[in-house]
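**Student:** Turn this into a structure:
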Amino acid sequence: MSPRALIEIAPPVERALLVGAPRKGSAEAAHVHEHLDELARLADTAGAAVAGRVVQVVQRPAPDFYVGRGKVAEIVGQVASLGATMVVFDEELSPAQGKNLEEELKVRIMDRTELILDIFALRAKSHEARMQVELAQLEYMLPRLARMWTHLSRIRGGIGLRGPGETQLETDRRMIRQKIGALKRKLGEVTEHRERVRARTRDRGVLRVALVGYTNAGKSSLLRSLTGAEAHVEDRLFATLDTQSREVGRVRYTDTVGFIRKLPHGLVASFRATLEEALDADVVLHVVDVAHPDWQEQAYVVGEALHESGLGGGSRVVVALNKADRLPSNEAESRLRAARERGWEAVLVSALTKEGLGRLGAELATGRTQDSEGGER
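**Tutor:** Okay, here's the model as predicted:
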């Protein structure tokens, strides 16, 4: 097959129009453009090109379209003028809102949750990760199945059609519930297996360190630098979803899935078997991208997600302020002081240059916080 033929059959790139609609007076409203920047990175990770953005601060979500009717008309115009093939909302849409928007805009509608689930499906490699993603997708899909049957709403008394359609919808729902039950049982077996592995590790007296952090904070890079082992590293959100464990000396490091703003609760629940590494670890190593403008907010998102999931509460937490090489020395030290003023056991490190790794290792092993003015940074 010629190169030209390959180009001709390549699927067209989706063009996404991003919509931010935070509530008035909320923290999201103050940072709506930063959140849309992150949504744009998610769209890029999923393989879509960003065509444009629309913003409306809402008093409360409208039950029919989430945004007001005037904004819907504006979005219709933007879709046409920009050639958008899909519209992605930064907020989670109800089944009814998604259905109404698709009928009005005549293009595919996704919300942030569905986009994240799509990325997880793309990135999951291991059998366990694929099961976890499938469970989250099915639980998201179940209340939205009616959107697959919108053609039935156009049939008025079609003899022999309306009844079977409704029956098939209920059949699909029953099959999905059965599949959800089967996946939960299999993931329960995974949890039991992980507990047996952790018990053997405890018996050997190995220090268990679980890496957690905001997506793209550099967890995999830090794991590679700490252990010298290969780990997948890519400058994209959710570059890897599969748990990676490496043992060096008497320390076992386990990388876990990254967190993000508005991470779907169902997804966190599905990945609980993986995240329980954080629950049972001796030390939770919270990796923070200290060079990011929103580094403190990102750290808060991770802490809240772990707290809401009941994970990591009994473990000691050490904070690795990663990517310190991207900041001037005085700014890095200022952010270190800010972290310690919040009560964090924090260490400045760089997975890229390996600066501060010796001090981080000593911190993990001894639990004593060293003075920032002495020794290695």
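**Student:** tell me, which helix in this structure spans the most residues?
**Tutor:** helix 162-203 (DSSP state H).
**Student:** Tell me which other helices or strands that one touches.
**Tutor:** Applying 3 or more CB pairs under 8 Å, 6 or more residues apart in numbering; DSSP states H and E, we find helix 162-203 packed against helix 127-141, strand 207-213, helix 272-280. The way it works is simple: take the backbone N, C-alpha and C, and place the C-beta from them, glycine included.
**Student:** Send me the first one as CSV with only the CA atoms.
**Tutor:** When you say that, I think you mean helix 127-141. These are the backbone C-alpha positions of helix 127-141, laid out as CSV (Å, rounded to 0.1, in the frame of the first residue of the first chain):
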residue,chain,number,x,y,z
HIS,A,127,-5.5,-6.9,32.5
GLU,A,128,-6.2,-5.4,35.9
ALA,A,129,-6.2,-1.8,34.6
ARG,A,130,-8.5,-2.7,31.7
MET,A,131,-10.9,-4.4,34.1
GLN,A,132,-10.9,-1.3,36.4
VAL,A,133,-11.5,1.1,33.4
GLU,A,134,-14.3,-1.2,32.0
LEU,A,135,-16.0,-1.1,35.4
ALA,A,136,-15.9,2.7,35.6
GLN,A,137,-17.2,3.0,32.0
LEU,A,138,-20.1,0.6,32.5
GLU,A,139,-21.1,2.4,35.7
TYR,A,140,-21.0,5.8,33.8
MET,A,141,-22.9,4.3,30.9
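**Student:** tell me which residues of that helix are tucked away?
**Tutor:** Across helix 127-141, burial judged by 16 or more other CB atoms under 10 Å covers 128-129, 131-141.
**Student:** Run the chain-centre distance for it.
**Tutor:** 14 Å (CA atoms, centre = their mean, to the nearest Å).
**Student:** the inter-axis angle of that helix versus helix 162-203?
**Tutor:** 140 degrees (axes from the mean of the first three to the mean of the last three CA atoms, to 10 degrees).
**Student:** what's the closest of the buried residues of helix 127-141 to Asp90?
**Tutor:** Set against Asp90, the nearest of the buried residues of helix 127-141 by CB to CB is Tyr140 (16.5 Å).
**Student:** check contacts around that closest one.
**Tutor:** By CB atoms under 8 Å, 6 or more residues apart in numbering, the contact list for Tyr140 reads 113-114, 117, 264, 266.
**Student:** ok so, going back, out of the helices and strands packed on helix 162-203, flag the one nearest Arg252.
**Tutor:** Across the helices and strands packed on helix 162-203, closest to Arg252 is strand 207-213 (CB to CB), at 5.3 Å.
**Student:** tell me the average confidence for the closest one?
**Tutor:** Across strand 207-213, the average pLDDT comes to 89.
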